[in-house]
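1. the following block contains a protein sequence and its predicted model.
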Amino acid sequence: MDYTLKRNNRSRSIKISLSHDGQVVVSAPRFVPKNIIAAFVNRQIPWIERQQQKLSLKKMANPTFNWDDKIISIYGTLYSIIFAPDQSEKVTLLKGNCMVHPVTGSENDVRKTLLLWLKREAENYILNQVQRSAKIMNTDFGSVRFGQQKSRWGSCTGKNDLSFNWRLIHFPKEVIDYVIVHELAHTKHHNHSASFWELVGAYCPHWKQQRNFLKRQVVLLEK
């Protein structure tokens, strides 16, 4: 099995961990021979494979925001969270990194800064798309609200007020756009009739694919 070996002068034992993309990382004291390390890794293969499978399923089933591993999915792309005190922007996405510049250097402040940016980014994107799609679909809507619902990605009231889960920011834009079209279609059909799905399909041809994607998702709440 392939793995990355890191020598640690302070370590007294061999340890195995997985990176956010499932790569095996082995930490070992400098005095331990490589053949001993390789034998240890081989004995742990069943455990490693179980952990890799769990990681793979987690990535498929959740909008990724793993604070412990400092990784996050934004518009369906995975980024490493980096503390960047020297940059001027609060958050910058660059070369696979989500670079965060908080007011202070505390971990809690980094997380708060990132969450606030995520929420604003989601609200701006969704509101713009709602206005754009409403014109294309020739439909009217009332207010637009945002929340962090546990089981709903969007909703439409009898008065055509719309609500969206800002955690949609974790998903590809085509998924977000489907949710927007779905809720705007409810302003004309307050049900899931054949006419409703026909309207959705007219503006989102691959709606079944997007709906199935959302059914597999579980929101990972971060406060």
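-> Looks like it came in fine.

2. tell me the first helix or strand C-terminal of the longest helix anywhere in the chain.
-> Counting residues, the longest helix in the chain under DSSP state H turns out to be helix 107-137. Next along the chain after helix 107-137, taking DSSP states H and E as the criterion, comes strand 144-147.

3. from the contact counts, what lies against that following strand?
-> helix 107-137, strand 162-165 (3 or more Cβ pairs under 8 Å, 6 or more residues apart in numbering; DSSP states H and E). C-beta coordinates here come from the backbone N, C-alpha and C atoms, glycine included.

4. now do the buried residues in that strand.
-> V144, F146 (16 or more other Cβ atoms under 10 Å).

5. partners of it, with directions?
-> If you go by DSSP bridges, strand 144-147 pairs up with strand 162-165 (parallel).

6. so which residues of this protein form helices?
-> With DSSP H as the criterion, the chain has helices spanning 34-43, 45-61, 107-137, 173-185, 194-203, 207-215.

7. before we move on, back to that, just want the angle from the longest helix of the chain to helix 194-203.
-> 100 degrees (axes from the mean of the first three to the mean of the last three Cα atoms, to 10 degrees).

8. quick one: work out the angle between helix 107-137 and helix 173-185.
-> Using the same axes, to 10 degrees: helix 107-137 against helix 173-185 is 60 degrees.

9. packing partners of helix 107-137?
-> When contacts are defined as 3+ Cβ pairs under 8 Å, 6+ apart, helix 107-137 sits against strand 71-74, strand 77-83, strand 91-94, strand 97-100, strand 144-147, strand 162-165, helix 173-185, helix 194-203.

10. out of the ones you listed, which gets nearest to T113?
-> strand 97-100 (5.5 Å; Cβ to Cβ).

11. pLDDT of that closest one, averaged?
-> Per-residue pLDDT over strand 97-100 has a mean of 92.

12. now do stretch 180-194
-> Stretch 180-194 comes out at a mean pLDDT of 97.

13. what does that stretch rub up against?
-> For stretch 180-194, contacts defined as Cβ atoms under 8 Å, 6 or more residues apart in numbering pick out 126, 129-130, 133-134, 137, 139-141, 154-156, 158, 160, 162, 164, 195-196, 199-200, 203-204, 207.

14. ok, stretch 47-60 next?
-> With contact meaning Cβ under 8 Å, 6+ apart, stretch 47-60 is reached by M1, I16, L18, H20, G22, V24, V41, T64, L78, R216.

15. any of those buried? List them.
-> I16, L18, H20, V24, V41, T64, L78.

16. can you name the residues bridging to the fourth one?
-> Assessed by DSSP bridges, V24 has beta-bridge partners L18.

17. surely it meets I16?
-> Yes. Counting by Cβ atoms under 8 Å, V24 touches I16, with 6.5 Å between them.
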